[in-house]
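[1] Next come a sequence and a model predicted from it.
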Amino acid sequence: MDKLPMRKGNRLIGYDYSQEGMYFVTVCTKDMQNLLSTIVGAATCRPHVVLSKYGEVAEDAILIIPQIYESVHIDRYVIMPNHIHILIQIEKNGRQVAAPTISLVVGNMKRAVSLKLKRSIWQKSYHDHIIRSEKTYEKIAHYIDENPQKWAADHYYNPQGANL
């Protein structure tokens, strides 16, 4: 029997993903389907996001995160047609014994959307980047803010992704 290739791990080995800090997270839809939103307005005005019903459910799940985890804040996010970018901040506070991990927060967000929709729309896992400097933060924040305007050039762009 042929040995299957080893999948490269997404997380930084030995890093505590519950520690205080800012994290850039990208969550994609299964098969890069354009389920979450549509980018409109390129010809007449600045392109912007119009959420689908799936995107609205995803936004609700994102916005409730700080209510579920008092040490977690959503700095900013964008819901693109087939992926979501989120800047998540974990802050330590004296009342909480342990902060949740990024994996727990993202997993529960994805699970909440799947339960509400009665189906999973997510690709397995997610991508994260630990933000270690103000310069990196500014670059990523700008990327999130400008993502709708640059959709056609985005490496996640999938014109054939089935739209709802």
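    Looks like it arrived, so ask away.

[2] C-alpha from now on. contacts and neighbour counts both.
    OK.

[3] Which positions in the helix or strand harbouring Asp60 come out as buried?
    Using DSSP states H and E, Asp60 sits within helix 53-63. Of the residues in helix 53-63, 54-59, 61-62 count as buried by neighbour count, 16 or more other Cα atoms under 10 Å.

[4] any chance of those residues in JSON lines, with pLDDT too?
    As requested, the buried residues of helix 53-63 are arranged in JSON lines below (pLDDT from 0 to 100):
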{"residue": "Tyr54", "pLDDT": "98"}
{"residue": "Gly55", "pLDDT": "98"}
{"residue": "Glu56", "pLDDT": "98"}
{"residue": "Val57", "pLDDT": "98"}
{"residue": "Ala58", "pLDDT": "98"}
{"residue": "Glu59", "pLDDT": "98"}
{"residue": "Ala61", "pLDDT": "98"}
{"residue": "Ile62", "pLDDT": "98"}
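
[5] Among the residues you listed, which one sits closest to Lys124?
    Closest approach between those and Lys124, by Cα to Cα: Ala58, at 16.0 Å.

[6] What residue, apart from its backbone neighbours, is nearest that closest one spatially?
    Val113 (5.8 Å; Cα to Cα, 6 or more residues apart in numbering).

[7] Could you double-check that that neighbour lies in contact with Gly55?
    No. If you go by Cα atoms under 8 Å, Val113 and Gly55 don't touch, sitting 9.3 Å apart.

[8] Can you give me every residue that contacts Ile39?
    By Cα atoms under 8 Å, 6 or more residues apart in numbering, the residues touching Ile39 are 47-50, 80-81, 148, 151.

[9] at 10 Å instead, please
    Taking Cα atoms under 10 Å, 6 or more residues apart in numbering, we find Ile39 in contact with 46-51, 79-81, 147-152.

[10] With Lys118 instead?
    Ala112.

[11] With Ile79 instead?
    Ile79 neighbours (Cα under 10 Å, 6+ apart): 26-27, 36-39, 49-52, 55-56, 58-59, 85-86, 144, 147-148.

[12] Can you report how many residues neighbour Arg46?
    11 (other Cα atoms under 10 Å).

[13] and the angle from the longest helix along the chain to helix 53-63?
    When the chain is parsed with DSSP state H, its longest helix is helix 102-117. Helix 102-117 and helix 53-63 are oriented at 140 degrees to each other (axes from the mean of the first three to the mean of the last three Cα atoms, to 10 degrees).

[14] Could I get the average pLDDT for helix 102-117?
    The average pLDDT within helix 102-117 is 96.

[15] do stretch 31-45 as well
    Averaging pLDDT along stretch 31-45 gives 85.
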